[in-house]
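S.K.: Let me see the structure of the following:
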Amino acid sequence: MLLTVQLFQPGGCRRPLKQAGKKMHDEEYLTPEDASRYLRLSLSSVYRLIRQRELGASREGRFWRIRRSDLEDFAENLGEREEFPD
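M.R.: As a prediction, the model looks like this:
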């Protein structure tokens, strides 16, 4: 017997959840959870970076999406930032 499971959004909404790594217009988008694993930061740190506009992200309904290219650019420049400004 084959069992199929479909995940739905919280709150009783019957639209299926969108998968992480979803491609939109030839760009790959990740969730903040994926970004936190990629950057090895806490989830709250990723949300703080989004709020401070240090990490580019866009809202899709109630959910944040981060372009993979923006995440990779941020990761490359992460070591170049000053820890303590003069």
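
S.K.: show me the biggest helix of the chain in terms of residues.
M.R.: Counting by DSSP state H, the longest helix found in the chain is helix 68-78.

S.K.: same question for that helix, mean pLDDT?
M.R.: In this model, helix 68-78 has a mean pLDDT of 91.

S.K.: next one: stretch 44-58
M.R.: On average, stretch 44-58 scores 95.

S.K.: ok, residues contacting it?
M.R.: P32, A35, S36, L39, L41, W64, R65, I66, R67, D70, L71, F74 (CB atoms under 8 Å, 6 or more residues apart in numbering). Backbone N, C-alpha and C define where each C-beta goes, glycine included.

S.K.: try 6 Å this time
M.R.: With contact meaning CB atoms under 6 Å, 6 or more residues apart in numbering, stretch 44-58 is reached by P32, A35, S36, W64, R65, I66, D70, F74.

S.K.: most neighbours, which of those residues?
M.R.: Neighbour counts for these peak at A35, which has 27 neighbours (criterion: other CB atoms under 10 Å).

S.K.: Show the contacting residues for it.
M.R.: V46, I66, L71.

S.K.: do L71 as well
M.R.: So L71 contacts A35 (CB under 6 Å, 6+ apart).

S.K.: Excluding chain neighbours, what is closest to S69?
M.R.: Distances taken as CB to CB, 6 or more residues apart in numbering place E27 nearest to S69, at 7.0 Å, with adjacent residues excluded.

S.K.: Report how many residues lie close to that neighbour.
M.R.: E27: 12 neighbours (other CB under 10 Å).

S.K.: With Y38 instead?
M.R.: As a measure of burial, Y38 has 16 neighbours, counting by other CB under 10 Å.

S.K.: all numbers from here: first residue = 493
M.R.: Will do, 493 is the new start, and the previous item becomes Y530.

S.K.: Wasn't it part of a strand?
M.R.: No - counting by DSSP: H, G, I helix; E, B strand; the rest coil, Y530 is not found in a strand; it is helix.
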